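Trainee: Fold the following and give me the result.
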Amino acid sequence: MGPGAPPTPPLRKIRRYRSETLDYLLTDDYQPSDLAWMDMRTNPLDIVVGPIETYEDQLMGYKAAHETFVLLKDLEWTARLQRYAELLPELQRGLPVDSVYKTETPGTDADLGAYDVLYVSGDANAGSKTIAINLPNDEEVQLQKGSRRLQLKNAMRAKFDRILLPITEELIVEDQQASVTFDAFFGNTMFHEVAHGLGIKNTITGSGTVREALADQASAIEEGKADVLGLYMVQSLIERGEWTEAELMDHYVTFVASIFRSIRFGASSAHGRANLVRFNYFEDQGAIEQAEDGRWRIVPEQMGAAVDALSRDILTLQGDGDYDATVAFVEANGQMTPALQSSLDRLAEAGIPVDVVFEQGLGVLGLTAE
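Mentor: Below is the predicted model:
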């Protein structure tokens, strides 16, 4: 580009996003920054910066922590993912819950993309490392412009190879271990993020948004919703021939193996608590059972009904905005059982790491497990 030439469109979008981000530091108005970031979906280089997730606020679940991502888009993988956002309204109508809980129409202008992580800081580099991003969190922006779901492929691959496969060998029955595949792991993670757009954002009882009504319980119940509705999406799309990357049994077994991975982040984290609830719920429904050697078996004949039942319970709690009922549901299903604790102890004794660590420097992101 010669002297005086106008900046390329991606650079203009980054400059606008940067400008809006600087403005909100002075005004405390984050929505223009969210809207500007939604227009950056064609950029090969992406940046996410700001106070975003509220997981650390365990008092009310309102205060967000600052974080930064620098990401490089994988154009080939991204091209494979664009179809699924268009199917959200149809999938919303098919949710296994009373119609009053699915009257909202999810935005179809959602962006699905695969990226490699180049740099992270702040909340994104503290505690468990994310393998996907679903933003913005602003309900008004979601309804107006949809959302962007960014799959972090290099972080995902590191967790699959170094953590999920060793967990599978320890805790999944031998004849089902081959069903744990990266394609199923990638699909489950992707559809988890897409499923955040399903369901309901505002209560049907006049209690405001779901986040406001459920306060400190909102993050865990929303993560639980996205997990189980992601599996609902897989079931539906495989049945319609829209998703052919992995077999349904692969998704089921990989999904359960990954529950063990996420529970290890601890019951105090939104993701860990959501996975603990789901594990106990699925066991109660007969969708998973423990074998004599201590490993776990997935019962595919029961899994579909369990997915529908849990989806219905969570969507109802969110739509009603019933804080006390949500607390009771989490307490009833979120207890650590002796059998599950024994399984987690088995992973610790085998020396399987809980998470990966980012080693950053010289423009290269290294991923190690610890």
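Trainee: OK, contacts around the nearest residue in space to residue 272 that is not next to it in sequence?
Mentor: Counting by C-beta to C-beta, 6 or more residues apart in numbering, residue 272 lies nearest to residue 265, which is 4.1 Å off, once chain neighbours are set aside. In short, each C-beta sits where N, CA and C put it, glycine included. By C-beta atoms under 8 Å, 6 or more residues apart in numbering, the contact set of residue 265 is 127, 128, 271, 272, 354, 355.
Trainee: Out of those residues, which sit inside helices?
Mentor: Counting by DSSP state H, those place 271, 272 in helices.
Trainee: top of the contacts of residue 265 by neighbour count?
Mentor: residue 271 (21 neighbours; other C-beta atoms under 10 Å).
Trainee: close enough to count as contact, residue 196 and residue 222?
Mentor: Yes: assessed by C-beta atoms under 8 Å, residue 196 is found in contact with residue 222 at 7.1 Å.
Trainee: What pairs with whichever strand in the chain runs longest, parallel or antiparallel?
Mentor: Once the chain is assigned using DSSP state E, the strand that runs over the most residues is strand 111-122. Here strand 111-122 has these sheet partners by DSSP bridges: strand 65-73 (antiparallel), strand 148-152 (parallel).
Trainee: now those as CSV including mean pLDDT?
Mentor: Below are the strands paired with strand 111-122 laid out as CSV (pLDDT from 0 to 100):
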stretch, mean pLDDT
strand 65-73, 92
strand 148-152, 89
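Trainee: circling back to that earlier point, roughly how far apart are the residue nearest to residue 272 and residue 85?
Mentor: Per C-beta to C-beta, to the nearest Å, residue 265 is found 28 Å from residue 85.
Trainee: again, but for residue 100
Mentor: Distance from residue 100 to residue 85, by C-beta to C-beta: 25 Å.
Trainee: Give me the more crowded residue out of those two.
Mentor: Neighbour count, other C-beta under 10 Å: between residue 100 and residue 85, residue 85 has more, with 20 against 10.
Trainee: gap between that one and residue 213?
Mentor: Applying C-beta to C-beta to residue 85 and residue 213 gives a distance of 27 Å.
Trainee: which of the residues in stretch 253-266 are buried?
Mentor: By 16 or more other C-beta atoms under 10 Å, the buried positions in stretch 253-266 come out as 253-265.
Trainee: returning to that earlier point: okay, the strands paired with strand 111-122, which one's buried deepest?
Mentor: Burial of those is given as mean neighbour count (mean count of other C-beta atoms under 10 Å); strand 148-152 ranks first at a mean of 24.
Trainee: Give me the contact list for it.
Mentor: 37-38, 41, 46, 71, 77, 81, 110-117, 130-136, 186, 189-190, 193-194, 196.
Trainee: Format the CA atom coordinates belonging to it as PDB.
Mentor: What follows is strand 148-152, C-alpha atoms only, in PDB (Å, rounded to 0.1, in the frame of the first residue of the first chain):
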ATOM      1  CA  ARG A 148     -20.000 -14.700  17.000                       C
ATOM      2  CA  ARG A 149     -18.800 -18.200  17.900                       C
ATOM      3  CA  LEU A 150     -15.100 -18.600  17.700                       C
ATOM      4  CA  GLN A 151     -13.600 -22.100  18.000                       C
ATOM      5  CA  LEU A 152     -10.000 -22.000  19.300                       C
END
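Trainee: What is the following helix or strand past it packed up against?
Mentor: Per DSSP states H and E, the first helix or strand lying C-terminal to strand 148-152 is helix 153-159. On a contact count with 3 or more C-beta pairs under 8 Å, 6 or more residues apart in numbering; DSSP states H and E, helix 153-159 meets strand 111-122, helix 182-195, strand 356-361, strand 364-369.
Trainee: Please name whichever of those is nearest to residue 163.
Mentor: Closest of those to residue 163 is strand 364-369, at 6.3 Å (criterion: C-beta to C-beta).
Trainee: mean confidence for the closest one?
Mentor: For strand 364-369, mean pLDDT is 54.
Trainee: swap in stretch 315-330?
Mentor: Averaging pLDDT residue by residue across stretch 315-330 gives 96.
Trainee: go on, stretch 31-41?
Mentor: The model assigns stretch 31-41 a mean pLDDT of 86.
Trainee: helices or strands up against the helix or strand containing residue 278?
Mentor: Residue 278 belongs to helix 270-284 when assigned by DSSP H and E. The elements that helix 270-284 packs onto, with contact taken as 3+ C-beta pairs under 8 Å, 6+ apart, are helix 218-239, helix 248-263, strand 288-290, helix 300-320, helix 323-333, helix 338-349.
Trainee: of all the ones you listed, which lies closest to residue 178?
Mentor: Short answer: helix 248-263, nearest of the helices and strands packed on helix 270-284 by C-beta to C-beta, at 8.7 Å.
Trainee: quick one on the thing from earlier: the buried residues of stretch 253-266: which two are farthest apart?
Mentor: Maximum distance among the buried residues of stretch 253-266 (C-beta to C-beta): 20.7 Å, for 253 and 265.
Trainee: Pretty sure residue 297 sits in a helix.
Mentor: No: Residue 297 is assigned strand when assessed by DSSP: H, G, I helix; E, B strand; the rest coil, not a helix.
Trainee: Please name the residues that touch residue 194.
Mentor: 84, 85, 88, 110, 112, 149, 230, 233.
Trainee: Out of the residues you listed, flag the one nearest to residue 171.
Mentor: Of the contacts of residue 194, the one sitting nearest to residue 171 (C-beta to C-beta) turns out to be residue 230, at 21.1 Å.
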